[in-house]
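1. got a predicted model here, sequence first, then my questions.
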Amino acid sequence: MASLTVNGQTYQIQSDPSTPVLWLIRDVIGLKGTKYGCGISVCGACTILVGGTPQRSCQITMADINGAPVTTIEGLSADSSHPLQQAWIAHQVPQCGFCQSGQILRATQLIANGKIPSDADINVTMNNICVCGTYTRMRAAIHSAAGG
Amino acid sequence: MRYAAAIAARRASSAALSPSADRDPSCDCEPCAARAAHGAGVGLNRRNFLFSGVAACGGLLIGVGVPGRARATGGTYRITAWVSVGTDETVTILSGSQEMGQGIYSALAQIVAEELRVDWPQVQVGPAPLAAVFDNPLLGAQTTAGSSSVRGYFSALLEAGAIARQMLIEAGAAAMGVKPKACVAAGGKVVVKATGQSVTFGSVAAAASQLKPPKKATLYSNSGFVLVGQPVPRPELPAKVNGTAVYGSDVVVPGMLYGAVLLCPTRGGTVATMGPAPSGSQAVNLGTGIAAVANAGPNGTTWTAMQAVKQVKVTWSLPADAAQQTSKIILSEAETLLVSGNAIVAETVGDVASAQAGAAKVLTLTYILPYVPHTTLETPNCTARVTARTCEIWASTQAPAGAQAVAASITGLKPQAITVNCMQMGGGLGRKLEQDFVAYAVIASKALGVPVQLVFPREQDFTQDQYRPMAVCRVTVGLDKSGRIVSWDFRNVSPSILYQRGYIVDGQLDDQATEGATGLPYALPNRLMDWVRHPATVPVGFWRSVGNSINAFACESAVDEAALASRTDPLAYRQGLLAGNARALAVLNQAAALGGWGVTRQGYANGLAYHEQFGTLAAVVVTITETSGVIQVLNVACAVDCGMVVNPDTAAQQIEGGIVQGLTSALWSQILFKNGIAQTSNFDNYRMMRMADMPTVEVSLLQTPGAPLGGLGEVGVPCMAPALANAWAKLTGKRLRTLPLFPKG
């Protein structure tokens, strides 16, 4: 039996070790904020933080994580107070919202340690798909959250 | 009829712009019905609308989960079907339309709250249960389609808010020992006008809920709007940034098993034989494919089901015409039909043949469009719990009544025995009007005797879609010596959404295929629009803006080509075609100003397009450049006039989103078929707009007081393809008449 730490809580996992972390989070642990979009690590809807770094969870297993703590959108803050969550609301970013957990977690990298990202930085890092097309508002929200 | 509502919305919208819409209020023809729903409510049975379903849905409120807001901590009292008030002063307003990203929870609740006079932070919004009282009056169904929600519900929701407010005032007045007439409602309170004494709605909610609803609604908004027109924040957004929003695929029902589908790769095929499921799962024959459902336990996951479904041995019965369902053959057939097919006239004005014969120059322009998938980010899915006597469904659906009907036909149960829980959608785009995914979940739950959540893996979403129809459109334009259009002959050849569903027979017109090509606002004194049905059997469906995005590409490309052939600036040319139409010219000129039309810069070009749909006028100017033959879209400026805007922020979001979908589909999107099998199966070989591809976007919302309300959900899409093609032609001299414009990405 292996253990998986998600949002500070440790779970004993008995599932097949080949099960992608996405499905352990969603269907075994029951945290549904992390989404399935493509299953091939292309769209980014399943983005989580592994040891603080954004990773797409649909193609990584427990072995890939190697005990590192996982943060999902539910664990980003206790009360939606993370600067990105606040900026996402202030700019009314989400439409359908299905990609937004992944987008927000992806964006954490851009503002970590007081970084002020440029538009070019945002273009490179924010490579998740948003079918609704909220890109312009996401860009504005990231700049706001960074205080830039 | 599952699709009747969507079709009604679309037909009604074309009538909204018709100058002859002023007709007998007792007439129920489509233009009059549309006018009734838009305008003063003539012909609408308000009493029926407001109250008939009260008994049916009383008590169901308990089950309404409103994400992102704290539930009422004390008692909650239903004042009317639409409005409940908690003793903690929360006000719950139900939405008859489903939230799929379009911000309808704010727009519709704003209309109710306008008359109720509550502060917006008090308001929480949830999906209405399936009941006739919540039907969209424009559609006659509780369906979310055809950019019809605000247009359809507007008048009725003002009255719904007023009725509830009148009941709260009556209760409040009694509590304060004054007459209702002496009171007004403001800020969620009943206030005595003379003294300023007040009681909160929450404190009189229990008493108000016992009152008989007044017969007549008295509208505060007759003297102007307070909340309507304001960019209030969307109530469901907090839950969308912290992971607590519950979409259809997030539902967990006790005892539920996870499943995945695998449908016959050849469209139209069925299961001939099905082998056993791999250990740890069960297989279900769905007819057109199979499902695998993972057994409970540590491996009872969607992923297990997705792996298992591929391991079941299946043989397929293929349709006889499979080999014909190949893109090259379909296109070649369309080109033949363009010349020799049985064309059905959708619109004819003047004498095209004579005018064309006398033209100084005739342009014959043929435009080709591919099948395009929806690719909602949440793939189709449904959760069903079927028992001997009941069936409960949890679905991200645009058409809950359709879901109920499908479940009834599969289970043999009466519709009353079937409960549909409408979940938020991770995108709808027309895909979630379909009932295939609902049917499969019901079949699986019925077969296994347990609740089942059935999900389409992304590969199934791509390959088992009901696509935007492919089309070949030919526009034959006759020009006189001065370059004016003297004849306009538009023929569309495309598979029929309505025919495939059995709503029309051979020889009848599919007005979904011709919308956006008839009733053009331009001065075209001799014009003919006709349509030839393509018999290809690749399934086609309603794709955001439907016929509009097909026909606008051909129409607005052709207008530009006519302008260039006449050596006239495309803006000036359109201004000439719209002469005297102040409203259209305002939209066109606003887009031109916003997009920097007329500013020339080496290596850059602008492209323009104008289109009307759903009673809304839209114009787009794109600015592009190119590097080594690769287009770069730098800016999109869009002006829109939908009459009156309920929420300018969500309105802008809809246009922004439509622009992005329009860009993706125009630049890169297509699904090719080989022997009935879709050749694209996931995002790795299907390019979509991403952050780095994004132009800057500017949206300008114009308003025309007194104009009928127009729709907004789809109008951002159609102008994009022609505006891009027009800009590319200007920049490079090369006219692209085939979508996608850049199939290699």
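-> Yes, it's here. Numbering: from 1, shown residues only, chains lettered A, B, ... in the order given.

2. now the terminal residues of stretch B:573-581, how far apart.
-> 14 Å (C-alpha to C-alpha, to the nearest Å).

3. identify each buried residue in that stretch, please.
-> B:Y573, B:R574, B:Q575, B:G576, B:L577, B:L578, B:N581 (16 or more other C-beta atoms under 10 Å in any protein chain shown). To be clear about C-beta, it is placed using only N, CA and C from the backbone, and glycine gets the same treatment.

4. who touches that stretch?
-> Applying C-beta atoms under 8 Å, 6 or more residues apart in numbering or on different chains, the set of residues contacting stretch B:573-581 from outside is B:483-485, B:521-524, B:559, B:562-563, B:566, B:568, B:584-585, B:588-589, B:608, B:610.

5. is the closest residue to B:N726 other than its chain neighbours in a helix, a strand, or coil?
-> In space, and not counting its chain neighbours, B:N726 is closest to B:G607: 3.6 Å by C-beta to C-beta, 6 or more residues apart in numbering or on different chains. Classification of B:G607 using DSSP: H, G, I helix; E, B strand; the rest coil returns strand.

6. I figured B:G607 hits B:W728, correct?
-> Yes - counting by C-beta atoms under 8 Å, B:W728 is a contact partner of B:G607 at 7.1 Å.

7. which of these two has more neighbours?
-> Counted by other C-beta atoms under 10 Å in any protein chain shown, B:G607 and B:W728 do not tie: B:G607 has more neighbours, with 28 against 21.

8. would you mind measuring from that one to B:A160?
-> Separation of B:G607 from B:A160 (C-beta to C-beta, to the nearest Å): 44 Å.

9. what residues does whichever residue of chain A sits closest to chain B make contact with?
-> In chain A, the residue that lies nearest chain B is A:G33 (2.1 Å; C-beta to the nearest C-beta). By C-beta under 8 Å, 6+ apart, the contact set of A:G33 is A:T72, A:I73, A:E74, A:S101, B:N242, B:G243, B:T244, B:A245.

10. that one is in what secondary structure piece?
-> Using DSSP states H and E, A:G33 sits within no helix or strand.

11. what about the closest residue to it other than its chain neighbours, how many neighbours?
-> With C-beta to C-beta, 6+ apart as the measure, B:G243 is the residue that lies nearest to A:G33, at 2.1 Å, once sequence neighbours are left out. Residues contacting B:G243 under the criterion other C-beta under 10 Å number 24.

12. doesn't A:T72 make contact with B:G243?
-> Yes - using C-beta under 8 Å, B:G243 is in contact with A:T72, at 6.6 Å.

13. quick check: neighbours shared by the two?
-> With C-beta under 8 Å, 6+ apart as the test, B:G243 and A:T72 both reach A:L31, A:G33, A:T34, A:S101.

14. need phi/psi at the third one.
-> Just to be clear, that refers to A:T34. When read as degrees, to the nearest 10, the backbone of A:T34 gives phi -90, psi 130.

15. that one and B:D250, how far apart?
-> 10 Å.

16. try the first one
-> A:L31 is 10 Å from B:D250, where distance means C-beta to C-beta.

17. rewinding a little: so which of the contacts of A:G33 belong to strands?
-> Using DSSP state E, no member of the contacts of A:G33 sits in strands.

18. now the two most distant members of those residues.
-> Using C-beta to C-beta, the two most remote members of the contacts of A:G33 are A:T72 and B:A245, lying 13.7 Å apart.

19. how about the residue in chain B positioned nearest to chain A, what does it touch?
-> At 2.1 Å from chain A, B:G243 is the closest residue in chain B, using C-beta to the nearest C-beta. Contacts for B:G243 (C-beta under 8 Å, 6+ apart) come out as A:L31, A:K32, A:G33, A:T34, A:T72, A:I73, A:E74, A:S101.

20. try 6 Å
-> Counting by C-beta atoms under 6 Å, 6 or more residues apart in numbering or on different chains, B:G243 touches A:G33, A:I73, A:E74, A:S101.

21. B:M720 now?
-> Contacts of B:M720 (C-beta under 6 Å, 6+ apart): B:G662, B:L663, B:A666.

22. in strands, which of the residues you listed fall?
-> Using DSSP E, none of these sit in strands.

23. between those residues, which has the most around it?
-> B:G662 (31 neighbours).

24. distance of that one relative to B:A359?
-> From B:G662 to B:A359 the distance is 32 Å (C-beta to C-beta).

25. got it, and B:S249?
-> 56 Å.

26. more crowded one of these two?
-> B:S249 (27 against 20).

27. skip the chain neighbours and tell me the closest residue to B:A408.
-> Closest residue to B:A408 in three dimensions, ignoring its sequence neighbours and counting by C-beta to C-beta, 6+ apart: B:P415, at 5.0 Å.
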